[in-house]
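[1] Kindly return the folded structure for what I paste below:
(2 chains)
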Amino acid sequence: MVSSPAIRVDNLGKRYLIRSDQGAGYLTLREAVYAKVGGLVRRAGRPGSEGRSGVEEFWALRDVSLEVGQGQIVGFVGRNGAGKSTLLKVFSRITEPTTGRVVLQGRVASLLEVGTGFHPELTGRENVYLNGAILGMTRREIGAKFDEIVAFAEVERFLDTPVKRYSSGMYVRLAFAVAAHLDPDILVVDEVLAVGDAAFQKKCLGKIGEVASEEGRTVLFVSHNMAAIRSLCTSAHLLDQGRLAASGSPDHVVDTYLKTVTDAPESAESIRTRTDRSGDGTATIVSASIGDADGAPFISEMSRIRLEIAYEGETELMNGQFSATIYDSGKEIGLLSLNSEAVGGLPERLPPRGTLVCVTDPIGFTPGPCHVNLSLLRGGIKADYVRRGITFDVIETDVFGTGKTPDRDWALTISRHTWSLES
Amino acid sequence: MRNSTPNELVIEAGRPERRYWADLWSYRELLYFLAWRDILVRYKQTVIGVAWALLRPFLTMVVFTVLFGRLADLPSEGAPYAVLVFAALLPWQFFATALSECSSSLISDAHLISKVYFPRLLVPLGAVVVSLVDLLISGLILVGLMIWYGLVPPIQILVLPGFVLLAFLAAIGAGLWFAALNVKYRDFRYIVPFVVQLGLYVSPVGFSSEVVPDQWRLVYYLNPMVGVIDGFRWAILGGSADLYLPGFVLSIVLVAVTLAGGIWYFRRTERSFADLI
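    Take a look at the predicted model:
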């Protein structure tokens, strides 16, 4: 039987209009009225605007075409902001494409977040029903699978406890269990495995594999966990700035991804034009990049980091102080503070413009997404501060050689260590 | 099965989903669950729980009865003033809460809208259904009042569900407009409470619509809740309050137009909700 592909995507594109003067997507009536009036008066364009005042176009997806056969597990990899999540949102009908089309065969269920719609005041039992209904199950289906779901989640004893009293592990287990027992033809999963402890992650991955191989369902899967992509997927696609950059076997795509990850430092130039910054502006950070100090193409668990920051000021910088704080992007927890004042060593007087380099010892971060907040103080006064000046991923390289590197949700940092029998 | 299987789903720009209404039907249980969640959560967080649904209309009734019936000494067409007021308070409070809840429903469920697909219409609908449950609960007070005053409902009581339906449609019609506009223009957060507050004064809640001079009556019915409230009084109190037919027809037409427009506007904008919210 020549079956049609489970998913066919033709020239898919998604455009967002970004209002550069304000973070929120919504308007107030006043702004809408002003925009109408302003359009008549034709104000001079502000920097960074393209025609319309303060609105920029951003293509989250551009000319994406691909086919997915039935029963395949397809991985999507790429940096943060490459368009993976937008693609899955289009597949799940949450957002509408701007161009192109997608043809899906069968019922689609998407799991873009674990526990969507869970209400903290409701009990575990109530949330299973609510969450199941939100994901598209009927009451009868949920009822039939209820025991299975609870057993998978291992929360039998707490079924009648409000989930606000659950540990985060229990919460995640229950949420994933509901979604894992959906009966879709196509399952769309975004990064949800990045939650929960290692043992449960393994169980979830196993469940996804089982869903595809035994039940013939198609799974689309976004992850930063390269080991999972390699071992689980039958094929993979690499997205870069909204376009398909590579497709093929998971090994090939993952390798391509790892090569490109730090080849082109992300947003090196764009820091100059960013408007969401604070400080008195007497000196600004104009570019910054991060990489492996020993020349590896990407930052991995035990990399020494090399950070470059270029700045420009109106005059010489007296008592300039630079700091870069690396955060875990998922939990927004600071991982590492690099501060010129803390270690000393910068001359008291810095030229009006220049580039600084900071090199660290091996960092020992677990694999996962990170970002760097950059700040520049001038004589103790904040001159410039850029949140998320750089984003990067710590790539899993199996640093211990056992295939068992813990990842970000298990712990934030790792270290080489030894075990021995003492007595 | 190459061409078009029943399960084929096409996602394309600007293409109205042909299966939207079928989807809405297949997701009907979600409507129940959304309403159930709201009711459950609301009463789990309060001390006296369901009693709130009784206390609020009861106290309002007492105040209105004293204010309009005793102090202003407005006519009551033979019925006890308390019953006259309560027969109007029931649909009005339903409409007011349904409209406010409906208008803010999309915003309060923003996390759902940005993470999972379902026909968005279910969210405002669910909000109105919750208010409907409140209406049924506070209806118990009316039963109590009628027993207290020894009133026997007339035969028209049988068409009361029809007026409930009209109030429901009026609330969802206006609510859909506000809910969709609220996603794009957050000003409506302030506009809706204001509309509701004004509405109380221009609707015949504390008094009978008979106090409105005859030549203004048709104009008065431009507020569709006038038709609903008069309908409630007519069905509950019987002959002592007559139904003004031309005005009532006008109310029905207005509700139908608002609802059709509301659905149209909601459907037109809902595809961009996830991008804006």
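[2] B:Asp275 sits in which helix or strand?
    helix B:273-276 (DSSP states H and E).
[3] Repeat that for A:Ser65.
    Judged by DSSP H and E, A:Ser65 forms part of strand A:55-68.
[4] Would that strand count as contacting chain B?
    No. Remark: strand A:55-68 sits outside contact range of chain B, by CB under 8 Å from any CB of the partner chain, the gap being at least 10.1 Å. Glycine gets a C-beta too; all of them are placed from N, C-alpha and C.
[5] same question, stretch A:134-151
    Yes. Stretch A:134-151 lies within reach of chain B by CB under 8 Å from any CB, at A:134-136, A:138-139.
[6] Convert the C-alpha atoms of that stretch to CSV, please.
    Extracted in CSV, the C-alpha atoms of stretch A:134-151 (Å, rounded to 0.1, in the frame of the first residue of the first chain):
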residue,chain,number,x,y,z
ILE,A,134,-7.9,20.0,27.2
LEU,A,135,-5.7,17.7,25.2
GLY,A,136,-8.7,16.5,23.3
MET,A,137,-9.8,13.3,25.1
THR,A,138,-13.4,12.5,25.9
ARG,A,139,-14.5,11.7,29.4
ARG,A,140,-15.0,8.1,28.4
GLU,A,141,-11.4,7.8,27.0
ILE,A,142,-10.0,9.3,30.2
GLY,A,143,-12.0,7.0,32.4
ALA,A,144,-10.9,4.0,30.5
LYS,A,145,-7.2,5.0,30.8
PHE,A,146,-7.4,6.5,34.2
ASP,A,147,-5.8,3.6,36.1
GLU,A,148,-3.1,3.3,33.5
ILE,A,149,-2.3,7.0,33.7
VAL,A,150,-2.1,6.9,37.5
ALA,A,151,0.1,3.8,37.5
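[7] For that stretch, give me every contacting residue.
    Around stretch A:134-151, the neighbours that count as contacts under CB atoms under 8 Å, 6 or more residues apart in numbering or on different chains are A:107, A:109, A:111, A:116-117, A:124, A:128-129, A:132-133, A:156, A:159, A:174, A:177-179, A:181-184, B:27, B:29-30, B:33, B:112, B:116, B:118.
[8] what number of residues lie near the residue in the stretch 301-423 of chain A positioned nearest to chain B?
    Distances between the stretch 301-423 of chain A and chain B by CB to the nearest CB are smallest at A:Gly330, namely 16.3 Å. Residues near A:Gly330, counting by other CB atoms under 10 Å in any protein chain shown, number 16.
[9] ok, now A:Thr161?
    For A:Thr161, using other CB under 10 Å, the count is 14.
[10] isn't it right up against A:Thr123?
    Yes. Here A:Thr161 reaches A:Thr123: they are 6.1 Å apart, a contact under CB atoms under 8 Å.
[11] What residues sit buried inside the strand holding A:Ser65?
    Applying a neighbour-count criterion of 16 or more other CB atoms under 10 Å in any protein chain shown, one finds A:59-62, A:64, A:66, A:68 buried in strand A:55-68.
[12] Check stretch A:390-402 too.
    Applying 16+ other CB under 10 Å to stretch A:390-402 flags A:390-397, A:399 as buried.
[13] Start and end of it, how far apart?
    Start-to-end span of stretch A:390-402 (CA to CA, to the nearest Å) is 31 Å.
[14] which residues touch it?
    A:79-81, A:224-227, A:258, A:261-262, A:265-267, A:288-290, A:298-303, A:329, A:363, A:365-372, A:374, A:405, A:407, A:414, A:416.
[15] If any of these are buried, give me the PyMOL selection for them.
    Applying 16+ other CB under 10 Å to these leaves a buried subset, and the PyMOL line that selects it is:
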select buried, chain A and resi 79+80+81+224+225+226+227+258+261+262+265+266+267+288+289+290+298+299+300+301+302+303+329+363+365+366+367+368+369+370+371+372+374+405+407+414
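[16] on that earlier part again, which of the buried residues of stretch A:390-402 fall within helices?
    The members of those all map outside helices under DSSP state H.
[17] centre of the chain versus stretch B:102-120, how much separation?
    Distance of stretch B:102-120 from the chain centroid (CA atoms, centre = their mean, to the nearest Å) equals 19 Å.
[18] nearest spatial neighbour of A:Thr405, skipping sequence neighbours?
    A:Glu396 (5.5 Å; CB to CB, 6 or more residues apart in numbering or on different chains).
[19] which regions of chain A sit below the pLDDT cut-off?
    A:1-3, A:19-29, A:31-32, A:34-54, A:192-198, A:261-269 (pLDDT under 70).
[20] Show me what from the stretch 1-150 of chain B comes close to chain A.
    So the stretch 1-150 of chain B meets chain A at B:1-2, B:5, B:7-14, B:27, B:29-30, B:32-33, B:36-37, B:40-41, B:44-45, B:111-118 (CB under 8 Å from any CB).
[21] mind pulling up the phi and psi values for the residue of the stretch 301-423 of chain A closest to chain B?
    phi -70, psi -50 (degrees, to the nearest 10).
[22] Not counting its own residues, what contacts the strand holding A:Ser65?
    A:5-20, A:48-50, A:74, A:83, A:86-87, A:90, A:97, A:100, A:218, A:220, A:237, A:239, A:241-244, A:247.
[23] Output it in CSV with nothing but the alpha carbons.
    C-alpha atoms of strand A:55-68 as CSV (Å, rounded to 0.1, in the frame of the first residue of the first chain):
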residue,chain,number,x,y,z
VAL,A,55,6.9,47.6,13.8
GLU,A,56,9.5,45.2,12.6
GLU,A,57,8.9,42.0,10.6
PHE,A,58,10.3,38.8,11.8
TRP,A,59,10.1,35.6,9.9
ALA,A,60,10.1,32.8,12.5
LEU,A,61,9.7,30.3,9.7
ARG,A,62,10.6,30.7,6.0
ASP,A,63,10.1,28.3,3.1
VAL,A,64,10.0,25.2,5.1
SER,A,65,9.0,22.1,3.1
LEU,A,66,9.2,18.5,4.3
GLU,A,67,7.5,15.2,4.5
VAL,A,68,7.1,12.8,7.3
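[24] Can you tell me the strand partners of that strand and which way each runs?
    strand A:7-19 (antiparallel) (DSSP bridges).
[25] Can you list the buried residues in the strand it pairs with?
    A:7-9, A:12-15, A:19.
[26] Quick one: residues contacting the residue sitting nearest the centre point of chain A.
    Central residue of chain A (CA atoms, centre = their mean): A:Asn80, 4.6 Å from the mean position. Shown in contact with A:Asn80 (CB under 8 Å, 6+ apart): A:329, A:369, A:391, A:393.
[27] what's the burial count for the residue in the stretch 151-300 of chain A that chain B sits nearest to?
    Of all residues in the stretch 151-300 of chain A, A:Asp185 sits closest to chain B, at 7.2 Å by CB to the nearest CB. When neighbours are counted by other CB under 10 Å, A:Asp185 registers 18.
[28] Could you double-check that it sits in contact with A:Arg107?
    Yes. If you go by CB under 8 Å, A:Asp185 and A:Arg107 touch, sitting 5.0 Å apart.
[29] Just say helix, strand or coil for B:Val133.
    Following DSSP: H, G, I helix; E, B strand; the rest coil, B:Val133 is assigned to helix.
[30] Just give the nearest non-adjacent residue to it, would you?
    B:Ile39 (6.0 Å).
[31] Name the helix or strand for that neighbour, please.
    B:Ile39 belongs to helix B:28-44, assigned by DSSP H and E.
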